[in-house]
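K.L.:
Can you look at this prediction? I've put the sequence above it.
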Amino acid sequence: MTTFFIFLLILGLLIIVHEFGHFIVAKRLGVRVEKFSFGFGKRLLSKRRGDTEYSINLIPLGGYVKLAGDSLEEFKNNPDEYLSKKPSERARIIFFGPLLNYILGFVCFWLIFFIGYPTLTTKVGGLIEGFGAKDAGMQVGDQVIAVDGKRVNFWEDLQKAIKSRKTATTVLLSVVRDNKKHEIEVKIKEKQLDDALGQKRSVGLIGITPKDEIIKVRHGFLKSFVLGINKTLDLTMMTYQALWRMVTGKLSMRESITGPLGIFYITSKAAHLGAIALLHLVAVLSVSLCIFNLLPLPVLDGGHIALLAIEKIRGRQLSVKVERVITQIGFTLIVSLALFATYNDLLRLFGDKLFKFIK
């Protein structure tokens, strides 16, 4: 039950931040906001303040901001209506929803680096047969402090340093053992491994595994700010690369798309790991939500922005008929994607049980 409430809180935060982006820019541009709703379906709570009705509805899987005159059927040519604004102003209203999600993701990463996050030390926990480390005489408990003279503080740094030397035949490790420093030359074995995007990459390996020793790392306010930016940009690039690989058929959609069930399962895992893991989950989901929403598909924010660009070029708005057709296409695409994601989640989480039940 606790996990369910955490899931709802995370989902609610992402939705409210997104809709607030639309809301605040609409208000600044003088557009009347009729409704600010969290969830769909039956209304559970509502309160009217000024021109806007704020409500919480039964199904918490989304939300919306209803702007006055946001369709040709309702538009009465009043100055406080959405369609009375220039295409560039309407694009700002739409864009600020995803933008606030992106900023939320960055802020979460910034906080993670500033508050402190757990990471593995560079102590060796195991040696793998057939690789250079064991042959060179390395021992369990050795702490690697430098690679080819360059300081390494954490296991992640050590991994990057070794993998980047795939073209070298050996690497010189500075190791502390029994409070004494040793220099050990280790052979590197090049191997083809799958990266996070399923691409085969050649990496350098020496055959060591980490000791289960974790320390908390924190950085200063400004350094955390820079690290937060870098982390957000790295995630953005990786997400777009993954999308491109899915479009070109090089990455399986089945393995890459997660729906509400999958997110709930991930949330339950993160909840057991603690606040930092949950903060990291919010950051990843928020940045991903921004990127997904800006895809140029009908119904999504990116689709609306693309249509506004067409309107700007044409010099006039689309007809009611065309608007309806585009909305129906977009709705069908989103529902199909949601069903596909849910089906994938069911297979991933309960695949064996489902097959046994069917048999």
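P.N.:
Yep, it's here. Residues are numbered from 1 along each chain as shown.

K.L.:
residue ranges with poor pLDDT in the stretch 101-250 of the chain?
P.N.:
166-167, 193-200 (pLDDT under 70).

K.L.:
which residues sit in contact with S288?
P.N.:
235, 239 (CB atoms under 8 Å, 6 or more residues apart in numbering). Any C-beta I mention is one placed from the backbone N, CA and C, and that applies to glycine too.

K.L.:
Make residue 1 into 885 and carry on from there
P.N.:
I'll keep to 885 as the first residue from here, and by that count the last item is S1172.

K.L.:
For it, pull up the helix or strand it's in.
P.N.:
Element membership of S1172 [criterion: DSSP states H and E] is helix 1159-1177.

K.L.:
and the very next helix or strand once past that helix, how far out from the chain's middle?
P.N.:
Downstream of helix 1159-1177, the next assigned helix or strand under DSSP H and E is helix 1185-1198. Here helix 1185-1198 is found 26 Å from its chain centre; the criterion is CA atoms, centre = their mean, to the nearest Å.

K.L.:
by how many degrees do helix 1185-1198 and helix 1159-1177 diverge?
P.N.:
Helix 1185-1198 and helix 1159-1177 are oriented at 30 degrees to each other (axes from the mean of the first three to the mean of the last three CA atoms, to 10 degrees).

K.L.:
and helix 1185-1198, which residues are buried?
P.N.:
1185-1192, 1195 (16 or more other CB atoms under 10 Å).

K.L.:
again, but for stretch 1039-1051
P.N.:
Under 16+ other CB under 10 Å, the buried positions of stretch 1039-1051 are 1039, 1041-1043, 1045-1047, 1049.

K.L.:
ok, now stretch 895-907?
P.N.:
Buried residues in stretch 895-907 (16+ other CB under 10 Å): 895, 898-899, 901-907.

K.L.:
now swap in stretch 1118-1138 and tell me
P.N.:
Quick answer for stretch 1118-1138 (16+ other CB under 10 Å): 1119-1120, 1123, 1126, 1129-1130, 1135.

K.L.:
one step back: wait, which of the buried residues of stretch 895-907 is closest to A1225?
P.N.:
Nearest to A1225 among the buried residues of stretch 895-907 is L895, at 14.6 Å by CB to CB.

K.L.:
In terms of helices and strands, where is that closest one?
P.N.:
Short version: L895 belongs to helix 886-912, going by DSSP H and E.

K.L.:
which secondary structure elements does that helix contact?
P.N.:
Applying 3 or more CB pairs under 8 Å, 6 or more residues apart in numbering; DSSP states H and E, we find helix 886-912 packed against strand 917-933, strand 936-951, helix 971-999, helix 1144-1157, helix 1159-1177.

K.L.:
how does it look with 10 Å?
P.N.:
strand 917-933, strand 936-951, helix 971-999, helix 1144-1157, helix 1159-1177, helix 1185-1198 (3 or more CB pairs under 10 Å, 6 or more residues apart in numbering; DSSP states H and E).

K.L.:
Can you tell me how far the nearest residue to V1171 once chain neighbours are set aside is from I1218?
P.N.:
Setting aside the residues directly before and after it, V1171 is nearest to G989 in space (CB to CB, 6 or more residues apart in numbering), at 3.6 Å. Distance, G989 to I1218, by CB to CB, to the nearest Å: 22 Å.
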